[in-house]
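> Here is the input, now give the coordinates:
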Amino acid sequence: MNNYIIMAFIATLGTWFVTALGAGTVVFFSSPKEKWLNMMLGFSSGVMIAASFWSLLQPAIERAEIYSDIPAYIVTTVGFILGALFIWISDKIVTYARKKADNTEKKPNERLHRIIMLVLSITLHNIPEGLAVGVAFGALQKEGYSTESVMGAISVAVGIGLQNFPEGAAVSIPLRREGYSKKKCFFLGQASGMVEPIAGIIGATLVVYIEAILPYALAFAAGAMILVAVHELIPECQREQKEQPYIATMGIILGFAVMMLLDVMLG
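Prediction:
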């Protein structure tokens, strides 16, 4: 196997590990009160919204301007809408499948439905991130094996890895809200990052071609995440908060601020 592909694989294993660390934060919560669960769910929403722009849309625009003959605003808009449509269609398919499985016209299990949509959106988000790391290391074959170029690729992996920490928590903590065990929350949270090493290998292998595809993939993941955050997570975190109506909102603000800080600080 090509050395650059191996390097991309090792780097994306690292980003997956950080996702697992973020998912592991769920072990610190035994039986949290409803208000704290609302705040943590809001935090997850804020993380997803901020990641949609700084981790996905902004890089999509920048890459489209460099590598695409189509205007960047068309590339990102098309990718964003397709991502939202994908989640919407997936939502309909999941609902229909559960109705068929129940063999009844009853409303499907909303709890399971939310979990599927959440895990799917974060997993989709991790695919282009893995591709980005793979592309960064695969590009070393063209740019040359210099200290500067290697450090540039490593910085991409480190930046994405640090961003993955709150994203791992963004899966596991809402699952805890739904009543799942800590073990299952951790497993599903870290599993959302398992696609990154696979995507990293693909990105490094197809680096010559992936540069044109990546802007669409980044915008696609952003559309998927925004739809889930707005349609599923934010309404859910606003439930049952009569005593402290702003606690979930503050969670959204805090999650957005943390993710924005990481993205902007790490470039």
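> just the helices in the stretch 151-267 of the chain please.
Secondary structure of the stretch 151-267 of the chain (DSSP state H, counting those that start in this stretch): helices located at 182-191, 195-205, 207-228, 234-237, 247-266.
> average pLDDT across the first one?
Taken as a whole, helix 182-191 carries a mean pLDDT of 87.
> Buried residues, it. List them.
Judged by neighbour count (16 or more other C-beta atoms under 10 Å), helix 182-191 contains these buried residues: 182, 185-186, 188-191. Just so you know, the C-beta spots here come from the backbone N, C-alpha and C atoms, and that holds for glycine as well.
> For Val18, state which of the residues you listed is nearest.
Within these, the smallest distance to Val18 is 9.9 Å, found for Gln190 (C-beta to C-beta).
> With adjacent residues omitted, what lies nearest to the closest one?
Nearest residue to Gln190 in three dimensions, chain neighbours excluded: Ala20, at 3.7 Å (C-beta to C-beta, 6 or more residues apart in numbering).
> Then Leu162?
Per C-beta to C-beta, 6+ apart, closest to Leu162 is Leu262, 5.6 Å.
> so where's the stretch 151-267 of the chain uncertain?
Low-confidence segments of the stretch 151-267 of the chain (pLDDT under 70): 152, 159, 163, 207-210, 240-243, 266-267.
> let's see it at 90
151-195, 199-200, 202-248, 251, 255, 258-267 (pLDDT under 90).
> mind listing what Tyr216 touches?
60, 75, 78-79, 82 (C-beta atoms under 8 Å, 6 or more residues apart in numbering).
> Compile these into a markdown table and extend it with columns for distance to Ser45.
Formatted as a markdown table, these follow (distance: C-beta to C-beta, whole Å):
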| residue | distance to Ser45 |
| --- | --- |
| Ala60 | 21 |
| Val75 | 26 |
| Val78 | 25 |
| Gly79 | 21 |
| Leu82 | 22 |
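> Please, where are all the helices along the stretch 1-150 of the chain?
3-23, 34-51, 58-67, 72-102, 110-138, 140-143, 147-177.
> between the third one and helix 207-228, how big is the angle?
It refers to helix 58-67. Here helix 58-67 runs at an angle of 150 degrees relative to helix 207-228 (axes from the mean of the first three to the mean of the last three C-alpha atoms, to 10 degrees).
> tell me the mean pLDDT for helix 58-67?
86.
> now it: how far from the chain's centre is it?
Taking C-alpha atoms, centre = their mean, to the nearest Å, one finds the center of helix 58-67 at 19 Å from the center of the full chain.
> Go through it and flag the buried ones.
When burial is assessed from 16+ other C-beta under 10 Å, helix 58-67 yields the following buried residues: 58-61, 63-64.
> Those into CSV, with extra columns for distance to Ile173?
Output for these, formatted as CSV (distance: C-beta to C-beta, whole Å):
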residue, distance to Ile173
Gln58, 26
Pro59, 26
Ala60, 27
Ile61, 30
Arg63, 31
Ala64, 33
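> My guess is Glu129 contacts Ile160. True?
Yes: between Glu129 and Ile160 there is a contact at 5.0 Å, judged by C-beta atoms under 8 Å.
> Look up how far Ile122 lies from the closest residue to Ser172 other than its chain neighbours.
Of all residues not flanking Ser172 in the chain, Gly189 sits nearest, at 3.3 Å (C-beta to C-beta, 6+ apart). Note on Gly189: its distance to Ile122, by C-beta to C-beta, to the nearest Å, is 9 Å.
> Likewise for Leu175?
Going from Leu175 to Ile122 by C-beta to C-beta gives 11 Å.
> neighbour-wise, which of the two wins?
Ile122 (29 against 24; other C-beta atoms under 10 Å).
> Not counting sequence-adjacent ones, nearest residue to the more buried one?
The shortest distance from Ile122 to any non-neighbouring residue, by C-beta to C-beta, 6+ apart, is to Ser192 (4.4 Å).
> For the residue nearest to Ser172, give me its contacts.
Counting by C-beta under 8 Å, 6+ apart, Gly189 touches 19-20, 22-24, 26, 168-169, 171-172, 175.
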